Each structure stands twice: as structure tokens, then as C-alpha cells.
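Student: my questions concern the predicted model and sequence given below.
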Amino acid sequence: MRPSLLTAFALATSAVAQVTYQNSTGTILRTDSGSYGPEVEEYHYYYEQWPIGLTISSTGRFFVSYTRGNYAFTLGEAVNKTAEVPYPSADLNLPVSALNTSWNGIQFSSGNSTGLISVQALYITPENARRPETLWVVDTGRPTITGEGGAPTMPYAQPGGPKILGISLTNDTVYATYTFPASVHFPDSYMNDIRFDLRENMTASGHGIAYIVDSSDEGRPGFIMLDLGTGESWRRLTQHPSTLRVDRDVPSYQGHPFYQRTIGLPIQTLREGLDGLQLSPDGKTMYYSPLTSNYLYSIPTAYLRTTPASDPLAEISAANHVENHGQRGGNANGFEGDNNGLIYQCMPEHNAIYVYNPHTLLTEPFVRDPRIIWPDGASIGADGYLYMNINQLPYQATWNYGKDGRTFPGAVLRVKLPNGGKKITTLG
Ligand SMILES: *[C@@H]1O[C@H](CO)[C@@H](O)[C@H](O)[C@H]1NC(C)=O
Ligand SMILES: *[C@@H]1O[C@H](CO)[C@@H](O)[C@H](O)[C@H]1NC(C)=O
Ligand SMILES: *[C@@H]1O[C@H](CO)[C@@H](O)[C@H](O)[C@H]1NC(C)=O
Ligand SMILES: *[C@@H]1O[C@H](CO)[C@@H](O)[C@H](O)[C@H]1NC(C)=O
Ligand SMILES: *[C@@H]1O[C@H](CO)[C@@H](O)[C@H](O)[C@H]1NC(C)=O
Ligand SMILES: *[C@@H]1O[C@H](CO)[C@@H](O)[C@H](O)[C@H]1NC(C)=O
């Protein structure tokens, strides 16, 4: 450059703010604000235990689950904006010392079918003629324990440990307990989330059905169905490509390519299969996807409800009716759905909630905010807000060579749904 040009260049740049090393406050360039959509409100703060699942009752009671670990309790109810207490009682929790046992050198989780072991997901169904408003509790029966040298491990399940409990919100008492045979809930299954259709005509028993996702990291993910009248359970789409993890999927969180760094193990990628699920308001369609996939799938629920005993071709017909709705723009974690038929999906890579719109056939933006650092459970309240847990999961110790990079508080954020959207109440 000639000296005169250099001078002109210096003059031009001094006229605008100087941008220093990755400090773009004063830039004249376009930047990404990291946010869009309706107002995000900070509803609750977690200071003691990191949450997983949440659900809000018709009267605004707010329940939360925490996987164990060494936490004292695994199911809680918020008592104010900054604290939760054990629910329905501290006594219902197995003591940490009783969470696991061993046999021939193999660690197994407790087979206790009445005490709480490690609760992953929660869901509230409204009162109907046959049951009170009910808090449904998904106890995976598989805590994470810490072995030699700080290496975390998730012991195999024993029948009895993995269970679904129904708690009446009228008397705060467990009134229903369902366990699973080892042929339905495998020792390495992991029940991640649940939805209900309680209408009488769903099953011969007339007491409704639960649809559960088995996200098994170890390898046989699929759906588990539970007849709430007979207690009979069965599987569907086990290891179907639409329920399997995507091999060596590397998502990015906050702009960092993510690998799991666990003490005692080689560096790995996430391995979770079938994770998010949501019913359409008419109960006819189940939307779902594995955590590590960018694709959204669905299946008519009739193919999930067929029992293996009633139709030897149940598995093949189900596989023949899986619908692929294409990519949605990233991995998705938990799902929720409203009475307008929108399928909300937590998008941990984008600090966002996206929506699949069955009317436009497209995935659409809903809300994005830099505070949404790993949106986990999402739940719609009677007030038409979507509540989501924020738990900073990628920074947890078990994924970072034992170094806990999470910083309290965790949070519940809430956002008003579009177009007067409400919780689905058409499924009995
Ligand atoms: C970033 O730059 C602005 C001016 O453009 C300055 O006021 C601010 O102090 C800088 N921030 C940091 C963290 O250096
Ligand atoms: C919230 O509840 C906890 C537990 O009962 C209590 O210790 C705390 O003081 C309460 N905080 C406020 C602001 O009321
Ligand atoms: C199961 O766990 C509960 C809660 O800790 C306890 O009260 C109960 O005695 C246990 N049952 C058995 C069979 O150990
Ligand atoms: C449960 O797991 C812990 C941590 O690995 C271990 O120290 C303890 O011995 C186990 N308990 C039983 C009964 O195997
Ligand atoms: C609580 O309610 C459930 C469901 O209505 C009922 O089955 C149970 O008997 C009640 N338990 C108590 C202790 O009132
Ligand atoms: C159950 O009954 C509802 C009407 O109450 C109907 O819309 C639905 O199609 C029925 N479902 C099945 C599987 O028969």
C-alpha cells in the first residue's frame, strides 16, 4: 500500500468503533442476537439438584424429577420460586446406599417396586370418570453410580425397579404401580418419556394406554406400550431405523462440537435412541425421534396398540407404516404438543424450541434464547404456557471427565403458546 492509501485506511477505520478480539459490541457488522420469538420468563430457579422432567397440574402445582446419583430425593414439588421438597414423601425414596447391588461382579440396580430409584419423566393427566387428576411417574430403575477411580456406570435393571407409578393429586397417594417383565423392559432398557390415551376404547380393558419410549444407550431402543387396565405391556419398533441412534452423531452446543468424555471410557459420541414422543390431539398419530437424529418420524398409533399375541404380523405392519417427515434442522430432545396439533421440540443445539406444523408440513421456529442451554422436559400448563427445564446437561461431570461445569441456578423458563394453544385434553 502507498502511504496516502494507508492514511486514508486509518482515517476510515478510526471513524467507527474499534472491534477488539471477539468483542463485537462496537461493530458495524450484522451479528446474530441469539434470540427470537415470544417473551421468555424465568419461572423457577434450581439451587440444589439438577432437574430432568417437569409437569404442571391444573391448579399450577409444579413437579420435577432428578435422576440419581447421589441426590437424596428423585421426585419433588416446588414450594416457592427457589426451592423444591421431596414429593409425595422423603420416605418413598430408596436410600442412596440401596440403589444398587451386585451379582458375580456385575452391578444391578435395585429391584424394589415400591420405592423411588431414579425418576426420569413426569406427566399429568386430567381427572376423568375413572381416575383423579394423576401425576404419572417414570422410574427408570437405573441410577448412575460411581465406581473405581470415579468412573460412572449405570447398572442393569432388575424387574420391579423400572416402573410407572400413578399418584392421585387429590390425596397425594400412589394408587397405581406397573412393573415390566424382562422380555419387555430389557436389563439395558431406559424409559425416557411417556404419553397417555385414557379413552375407554383404546384397549379392551377400557382403562387406557401408556406409550413409553425406551431410549437405551446400549442398543435396543423402541416403544413400550402399557395397558393400564390389565397391566400387560409389549414392545414395538425395537431397533427399527427410526428408533435407533445415528452412529457417531456430533452435535454442537454453544458452538462447540460435542463428544462424551467419561472417566474410564474412550471418547464417545452420544448414543441415545428414541427419546422424544408426542400424540396428536386426536390420539391417532404418534410423532417421535431419537435424540441423536435430525429426522422426525410418526406412526399411526393403532400399529403401536396391536398386541403381539393378537397379530403375529404386528411388528411388520408397524414398520411398514412408519412415516418420515424429513429433517427438522438439528437433534431434538423432549417433545410437547398443543390442541392446535403443533409438535414442540426442544432443540439443544440451537438454544431453541422448534415446532413441527402438520398443517404446513414444515418445521417452524418458535422461540430461541441464549438462556436455553439444554432444554430438557417441556410441559404445557393449564394457563397456555410451555414450561421447560434448563439443566446445562452437556456440562455435567459424567460427560466431562468428572469435572462438573454446570453453574447453579438451573431454571424453569416459560413461554406463552401461539394462537391460544392449550394443553391437550381430548385424550380422556
Ligand atoms: C467491548 O468493546 C466495547 C467498545 O466497543 C467496550 O466498551 C467494552 O468494554 C468491551 N468489552 C470487553 C469485555 O472488553
Ligand atoms: C423457599 O422454601 C424453602 C424451603 O421451604 C425455604 O427454605 C426458603 O426460605 C423459601 N424461600 C422464600 C423466598 O420464601
Ligand atoms: C422398597 O423401598 C422402600 C422405600 O425405601 C422401602 O420402604 C421398602 O421397604 C423397600 N422394599 C423392600 C422389599 O425392600
Ligand atoms: C453400589 O455401587 C457403589 C459404587 O460403585 C459400590 O461402592 C457399592 O459397593 C455398590 N453396592 C453393592 C451392594 O454392590
Ligand atoms: C387416593 O386416591 C386413589 C385414587 O382415587 C384411591 O384409589 C386411594 O384409595 C386414595 N387413597 C387414600 C389414602 O385416600
Ligand atoms: C374412540 O372413540 C372416539 C370417539 O369418542 C373416536 O373418535 C376414536 O376414533 C375411537 N378410537 C378407536 C381406536 O376406536
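Tutor: The structure has been received and is ready for your questions. Ligands and ions are numbered 1, 2, ... in the order given.

Student: what about the nearest residue to residue 269 once chain neighbours are set aside, distance to ligand 2?
Tutor: Closest residue in space to residue 269, ignoring its immediate chain neighbours: residue 248 at 4.8 Å, by Cβ to Cβ, 6 or more residues apart in numbering. For every residue, glycine as well, the C-beta is placed using N, CA and C. Relative to ligand 2, residue 248 is positioned 44 Å away (Cβ to the nearest ligand atom, to the nearest Å).

Student: hmm, residue 248 is touching residue 271, no?
Tutor: No. The criterion here is Cβ atoms under 8 Å, and residue 248 misses it with residue 271 at 9.5 Å.

Student: so which of these two has more stuff around it?
Tutor: residue 271 (21 against 11; other Cβ atoms under 10 Å).

Student: residues contacting the more buried one?
Tutor: Taking Cβ atoms under 8 Å, 6 or more residues apart in numbering, we find residue 271 in contact with 217, 218, 245, 292.

Student: surely the third one meets residue 268?
Tutor: No. With the criterion set as Cβ under 8 Å, residue 245 and residue 268 do not qualify as a contacting pair; they are 11.1 Å apart.

Student: who has more neighbours, the two?
Tutor: Neighbours were counted for residue 245 and for residue 268 using other Cβ under 10 Å; residue 245 has more, 22 against 13.

Student: element containing the more buried one, please.
Tutor: Using DSSP states H and E, residue 245 maps to neither a helix nor a strand.

Student: how close does it sit to residue 187?
Tutor: Noted for residue 245: a distance of 18 Å to residue 187, by Cβ to Cβ, to the nearest Å.

Student: next one: residue 374
Tutor: Taking Cβ to Cβ, one finds residue 374 at 28 Å from residue 187.

Student: more neighbours: which of these two?
Tutor: residue 374 (22 against 18).

Student: which residues does the spatially closest residue to the more buried one that is not a sequence neighbour contact?
Tutor: Nearest residue to residue 374, sequence neighbours excluded (Cβ to Cβ, 6+ apart): residue 393, at 4.3 Å. Residues near residue 393 by Cβ under 8 Å, 6+ apart: 50, 348, 374, 376, 399.

Student: and the fourth one, how far is that from residue 78?
Tutor: With the distance defined as Cβ to Cβ, residue 376 ends up 16 Å from residue 78.

Student: can you name the two of the contacts of residue 271 that sit furthest apart?
Tutor: 218 and 292 (14.0 Å; Cβ to Cβ).

Student: between these two, which is the more surrounded one?
Tutor: Using other Cβ under 10 Å as the criterion, residue 218 and residue 292 rank with residue 292 on top: 22 against 14.

Student: and that one, how far is that from residue 346?
Tutor: Applying Cβ to Cβ to residue 292 and residue 346 gives a distance of 14 Å.

Student: cool, residue 184 as well?
Tutor: 27 Å.

Student: the two: which is more packed in?
Tutor: Neighbour count, other Cβ under 10 Å: between residue 184 and residue 346, residue 346 has more, with 26 against 20.

Student: mind listing residues that contact whichever strand or helix holds that one?
Tutor: Using DSSP H and E, residue 346 sits within strand 343-347. Contacting residues not belonging to strand 343-347 are listed as 276, 278, 287, 289, 296, 328-338, 353-358, 363, 366, 375-376, 378, 386, 388 [Cβ under 8 Å, 6+ apart].

Student: can you give me the buried ones in it?
Tutor: Under the neighbour-count criterion of 16 or more other Cβ atoms under 10 Å, strand 343-347 has 343, 344, 345, 346, 347 buried.

Student: quick one: name whatever helix or strand follows that strand.
Tutor: That would be, after strand 343-347 and using DSSP H and E, strand 352-357.

Student: distance from that following strand to the middle of the chain?
Tutor: Remark: strand 352-357 is offset 15 Å from the chain centroid, using Cα atoms, centre = their mean, to the nearest Å.

Student: packing partners for it?
Tutor: strand 343-347, strand 362-368, strand 375-380 (3 or more Cβ pairs under 8 Å, 6 or more residues apart in numbering; DSSP states H and E).

Student: got phi/psi on residue 65?
Tutor: Note on residue 65: its backbone torsions stand at phi -120, psi 160 [degrees, to the nearest 10].

Student: contacting residues around it?
Tutor: So residue 65 contacts 51-54, 74-76, 119-122, 137, 377 (Cβ under 8 Å, 6+ apart).

Student: in helices only, show me the residues you listed.
Tutor: Judged by DSSP state H, helices contain none of these.

Student: now do the residue nearest to residue 269 against ligand 1, distance only.
Tutor: Computed as Cβ to the nearest ligand atom, the residue 248 to ligand 1 distance reads 37 Å.

Student: quick one: buried ones out of the contacts of strand 343-347?
Tutor: By neighbour count, with 16+ other Cβ under 10 Å, the contacts of strand 343-347 hold 276, 278, 287, 289, 296, 328, 330-338, 353-356, 363, 366, 375-376, 378, 386, 388 as buried.

Student: for the stretch 51-200 of the chain, give the residue positioned nearest to ligand 1.
Tutor: For the stretch 51-200 of the chain, the residue closest to ligand 1 is residue 82, as judged by Cβ to the nearest ligand atom, at 29.7 Å.

Student: tell me the contacts of that residue?
Tutor: Residue 82 is in contact with 44, 45, 47, 409, counting by Cβ under 8 Å, 6+ apart.

Student: ok, now with 7 Å
Tutor: Contact analysis of residue 82 by Cβ atoms under 7 Å, 6 or more residues apart in numbering lists 45, 47.

Student: show the pLDDT at it.
Tutor: What the model reports as pLDDT for residue 82 is 98.

Student: just residue 404 next, same as before
Tutor: 96.

Student: pretty sure it sits against residue 398.
Tutor: No. Look at residue 404 against residue 398 with Cβ atoms under 7 Å: they stay out of range, at 9.0 Å.

Student: when these two are compared, which one has more neighbours?
Tutor: residue 398 (20 against 13).

Student: pretty sure the more buried one sits in a helix.
Tutor: Yes. Under DSSP: H, G, I helix; E, B strand; the rest coil, residue 398 sits within a helix.

Student: wait, does stretch 155-165 contact ligand 4?
Tutor: No. On the criterion Cβ under 6 Å from any ligand atom, stretch 155-165 is out of touch with ligand 4, staying 7.7 Å away.

Student: confidence-wise, which helix or strand of the protein is lowest on average?
Tutor: Across the helices and strands of the chain, mean pLDDT, DSSP states H and E gives its lowest value to helix 3-14, namely a mean of 45.
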